[in-house]
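Q: Got a predicted model here, sequence first, then my questions.
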Amino acid sequence: MGTNRRYPDAGARRGQERQLLEARSRGPLHSLTDEQLELGSRAVSIAPERGSMWGLAWLRFGDADIRCRVRVRRWTEDAVGVEVEVGGDTLRCWVWQGAVQRTGDRASGG
């Protein structure tokens, strides 16, 4: 079977979408708590709309962990606010900074 030269990452995106749908069926997306984030006493940086920031992050749905491409939306000294598309829905959560690896663009990474 050949490769898709026009959209070389299309197969990987479809594979990730299947994995995300499976993980989502295992339970809700987990996020750090307000107590863990300490947003009332920490500075929050917000990513600009232009020049999107992308990364690979470990997310947890119910009892299922999945590493996937995410859009970085905001961050603190310790945590990163990310969003991911799953089945046409945009889901958002906060994860520890160590759970995210920055990539150059949406197509980069695992």
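A: Perfect, I can see it now.

Q: And the helices in the protein, which stretches?
A: Listed in chain order, the helices of the chain (DSSP state H) span 10-24, 34-37.

Q: Return the per-residue confidence for the residue nearest the centre of the chain.
A: The centroid of the chain falls nearest to residue 70 when counting by CA atoms, centre = their mean (2.7 Å). We have a pLDDT of 96 for residue 70.

Q: any idea how far it is from residue 88?
A: Distance, residue 70 to residue 88, using CB to CB, to the nearest Å: 16 Å. C-beta: built from backbone N, CA, C; applies to glycine.

Q: just residue 95 next, same as before
A: Going from residue 95 to residue 88 by CB to CB gives 22 Å.

Q: so what's residue 94 up against?
A: Counting by CB atoms under 8 Å, 6 or more residues apart in numbering, residue 94 makes contact with 31, 32, 36, 37, 79, 80, 81, 82.

Q: would you list the residues you listed in TSV and tack on pLDDT?
A: Formatted as TSV, the contacts of residue 94 follow (pLDDT from 0 to 100):
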residue	pLDDT
31	98
32	97
36	96
37	96
79	97
80	97
81	98
82	97
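
Q: No further queries at this time; thank you.
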